[in-house]
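Q: Give the three-dimensional model of this entry:
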Amino acid sequence: MQKNITDPQMQELFRITRETRELLFSYSPLPELSAVQFHMLFMIFQKDKIAQCTEEKDKKKQPGKRAGRTRQPDSAEDRVPGLKITDLARMMHNSTPTVSERASELENLGYIERSRSSQDRRIVYLSLTEEGLRLMSRAAQLYDNLGSRIAERIGREEFDHFLATLSELKTALAAEEADFAASLAAEKAAQSAAKAVSAASQKAASRAAKAAGAARKKQE
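A: Below is the predicted model of the structure:
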């Protein structure tokens with residue numbers, strides 16, 4: 001799509017957006033890890049953090065105080081740590097065999113381990129080892145304060161102005177797409193109306209021709 005764009009400003013926008021995305025999502029702090037492998041580890045890490053937060057919230061709750069309600073114990077499936085390999089493949093927009101192959105590489109490096117569901121042995125979970133957890137806990141610090149550090153580099157005021165401009169750009173793009181969609185819908189409606197008028201005219205002409213033919217036969 002980008003190759004077909006002749007507007008130099010849009011070309012520059014696509015270039016900067018692509019390069020920024022690559023910096024954010026195609027990054028690995030270690031030479032032995034590819035960007036894809038690091039991204040896999042980070043998604044597993046996020047899943048573990050969410051599960052940990054949920055568990056901490058559950059501990060703070062005091063079940064049994066609400067009348068008529070009791071808390072059901074978690075199933076064995078709920079307590080399985082990690083992320084389903086099929087879910088990870090879906091999140092990465094990759095096939096399960098491809099993700100499984102990359103997971104094997106990470107497993108050999110000692111960063112993740114596999115476990116199977118007790119309910120269905122076909123379901124495989126991926127979780128971080130202690131080494132993987134140490135790595136990702138350290139790497140998470142990069143993302144946790146990344147915005148503040150970027151603001152320090154380029155200036156808070158300029159960074160805030162950039163975010164505001166980016167938000168306006170998003171709104172403008174959405175408006176352009178909505179206008180374009182409305183224009184296409186109007187064109188389609190006009191074409192449909194023209195076809196309907198044409199069909200009605202053809203039917204009227206056909207009826208008139210039949211009536212004229214019937215009149216000639218009566219005269220004969």
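
Q: where in the protein is pLDDT low?
A: Within the chain, the set of residues satisfying pLDDT under 70 comprises 1-4, 51-81, 220.

Q: I'd like the distance between the most centrally placed residue in it and residue 142.
A: When the chain is reduced to its mean C-alpha position, the closest residue under Cα atoms, centre = their mean turns out to be residue 91, at 7.7 Å. Taken as Cβ to Cβ, to the nearest Å, the spacing of residue 91 relative to residue 142 amounts to 20 Å. For every residue, glycine as well, the C-beta is placed using N, CA and C.

Q: about what we covered before: quick check: phi and psi at the residue nearest to the centre of the chain.
A: The main-chain torsion angles of residue 91 are listed as degrees, to the nearest 10 and equal phi -60, psi -30.

Q: Same question for residue 115.
A: Residue torsions, per degrees, to the nearest 10, at residue 115 are phi -150, psi 150.

Q: next one: the one 4 residues further on
A: Here the main-chain torsion angles of residue 119 (degrees, to the nearest 10) amount to phi -80, psi -40.

Q: number of nearby residues for it?
A: Residue 119 is surrounded by 11 other residues when neighbours are defined as other Cβ atoms under 10 Å.

Q: do the one 3 residues further on as well
A: Using other Cβ under 10 Å, residue 122 has 8 other residues around it.

Q: Show me where the protein has its strands.
A: Read by DSSP state E, the chain holds these strands, from start to end of the chain: 83-84, 112-116, 124-128.
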